[in-house]
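>>> Based on what follows, work out the 3D shape:
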Amino acid sequence: MKRPDDPGEPIPLKACGRCGEPAPVKEIARCPWCFRDFCRQCRYPRGIADFCSRGCAEAMFHGADDEDSPEDEKDAG
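You can find the predicted model right below:
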């Protein structure tokens, strides 16, 4: 049995992949697009998921690039 003044085990920390600040492991999430870890302060909510950045959120929903590549233009015309 623990004593009342025993602080217990230290909370494990992990660094955010964006800001580099340490945060408790349970507050770190992984981006579903690029798999980078990010903290609550750096999250970019989009739909029902949280992303590490606006770029990842837009890539997930709108494709990786918005520009037509030269190969696409050849096939179209």
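>>> Do a quick rundown of the helices in this structure.
Ranges of helices in the chain, per DSSP state H, are 54-62, 70-76.
>>> Run through this protein and note the low-pLDDT ranges.
Along the chain, segments meeting pLDDT under 70 span 1-6, 64-77.
>>> Contacts for stretch 35-44 next, please.
14-19, 21, 23, 27-31, 50-54, 56-57 (C-beta atoms under 8 Å, 6 or more residues apart in numbering). Using the backbone N, CA and C atoms, a C-beta is placed for each residue, glycine as well.
>>> same question, stretch 51-60
17-18, 31-34, 36-38, 42-46, 49.
>>> so which of the residues you listed is the most crowded?
Highest neighbour count within those: Phe38, with 24 neighbours (other C-beta atoms under 10 Å).
>>> residues near the closest residue to that one other than its chain neighbours, how many?
Once flanking residues are discounted, Phe38 sits nearest to Cys52: 4.1 Å by C-beta to C-beta, 6 or more residues apart in numbering. Neighbour count for Cys52, taken as other C-beta under 10 Å: 24.
>>> Could you measure from Cys52 over to Gly8?
Cys52 is 31 Å from Gly8, where distance means C-beta to C-beta, to the nearest Å.
>>> for Ile48, same thing?
34 Å.
>>> Next: Gly47.
38 Å.
>>> Show me which of these two is the more surrounded one.
Ranked by neighbour count (other C-beta under 10 Å), Gly47 and Gly8 place Gly47 first, with 9 against 6.
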